[in-house]
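A.B. asks: no sequence for this one, just the structure:
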């Protein structure tokens, strides 16, 4: 786990400042991974070959508490950014649009979006209840049966809410990763008896005779736990200051306050767009007949079924979504200028049939096949307004009857990048 953390930290650090690695779950993965390193005892040289479940001490209790602290910060940060964010959260109308305008809708998003308006308003209340009003339960000590069960309920509430969000759309690893610290609120008694018996039987088959944990291991474990508590406690100060807006500063979401990203602030969807705008890349060999290129999961072809891709993260599909925020030209020029480089590679005849084309993996397989057949001379990008055509149950009934299925309705919005071509190795506007 330590090696994996170092590798991930190296990638995130090297890509810092790049919009493709500016997502909150990059730092959340680092923080979660760092705590996981210290959850169990470090293996001894003898233990590498002979150590088994029966001879190991239980997971570190202080680290379990740090996981619960992480769970609380994630939830409170997400709740407060909504409470202080877009006006639609106060009006309880954000979910009227969210499922349609989220980065990568799934087929099930076509159920959530068409729920009754009153149900969507109550869902905002549920969001506040889970992320703000019930989060204190995950921090309860287990002094007695009542407090322990309240903490378990808190863990189930947080994990269950994440499962609900997983069903409603594709949010990369965000929700799957957020379930991990919530599991620190649960213990063996939370699971069905048949499951725990099965797990323990599996452990006993390969276990050795229980051996007492050496005193030196206890001292080492305690020293590590004290250091972790001190480090996380110290690094939590600016995070708490940010959450409480001490000093008059506005809350910042998905921010790191230390070089190693060990304690961070989190939050998502502080504001929700009311309309979905998609940039559509088209290519042509003659400037008359244009073919649209598809990305693996983002909306494009109105007849193509949305995909299930979480927890996988299609970075290009996510980044192109930000261009949909108005003003589109400003988002393109300030944040997503990689679009010009992508078009450059598509039109570059010098590499059109070469072997070094890893960027093709960013596109849908049908678009890859099309580009492999013949080189393209022109490219353009146009913005379209997309709306969900029908609820999933109507789409499913049409599919069963063999009728044509339309997932999206779209209307032309504006030209984002007018037709361009390659000239002396650079992109220039085409006179067509």
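C.D. replies: Here it is on my side, so go on. Computed from a prediction, not measured in an experiment: that's the story for all the values here.
A.B. asks: which elements pack onto the longest helix belonging to the chain?
C.D. replies: In the chain, with assignment by DSSP state H, the single longest helix is helix 215-244. On a contact count with 3 or more CB pairs under 8 Å, 6 or more residues apart in numbering; DSSP states H and E, helix 215-244 meets helix 61-83, strand 264-265. For every residue, glycine as well, the C-beta is placed using N, CA and C.
A.B. asks: and of those, who's closest to residue 201?
C.D. replies: Between residue 201 and the helices and strands packed on helix 215-244, the shortest gap by CB to CB is with helix 61-83, which sits at 24.8 Å.
A.B. asks: for the closest one, give the mean pLDDT please.
C.D. replies: The average pLDDT within helix 61-83 is 96.
A.B. asks: in it, what's buried?
C.D. replies: Along helix 61-83, these residues count as buried under the neighbour rule (16 or more other CB atoms under 10 Å): 62-82.
A.B. asks: now do stretch 325-340
C.D. replies: For stretch 325-340, by 16+ other CB under 10 Å, it's 328, 331-332, 336, 339.
A.B. asks: kindly report the same for stretch 268-276.
C.D. replies: 268-270, 272-273, 276.
A.B. asks: save the helices and strands packed on helix 215-244 as TSV, and put in distance to residue 248 too.
C.D. replies: Listed next are the helices and strands packed on helix 215-244 as TSV, based on distance: least, CB to CB, whole Å:
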stretch	distance to residue 248
helix 61-83	16
strand 264-265	17
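A.B. asks: out of the ones you listed, which is closest to residue 191?
C.D. replies: helix 61-83 (16.3 Å).
A.B. asks: could you list every helix and strand that the closest one packs against?
C.D. replies: helix 24-37, helix 87-91, helix 117-128, helix 145-168, helix 174-182, helix 215-244.
A.B. asks: and the strand ranked longest in the chain, what's buried?
C.D. replies: Ranked by residue count and defined by DSSP state E, the top strand of the chain is strand 408-423. For strand 408-423, a neighbour-count test (16+ other CB under 10 Å) marks 408, 410, 413, 416-417, 419-422 as buried.
A.B. asks: using pLDDT, spot the least trustworthy of the residues you listed.
C.D. replies: residue 422 (93).
A.B. asks: that residue against residue 343, yeah?
C.D. replies: No: in this structure, residue 422 is not within contact of residue 343 by CB atoms under 8 Å, at 9.5 Å.
A.B. asks: quick one: contacts for residue 393?
C.D. replies: Residue 393 makes contacts with residue 111, as judged by CB atoms under 8 Å, 6 or more residues apart in numbering.
A.B. asks: good, wrapping up.
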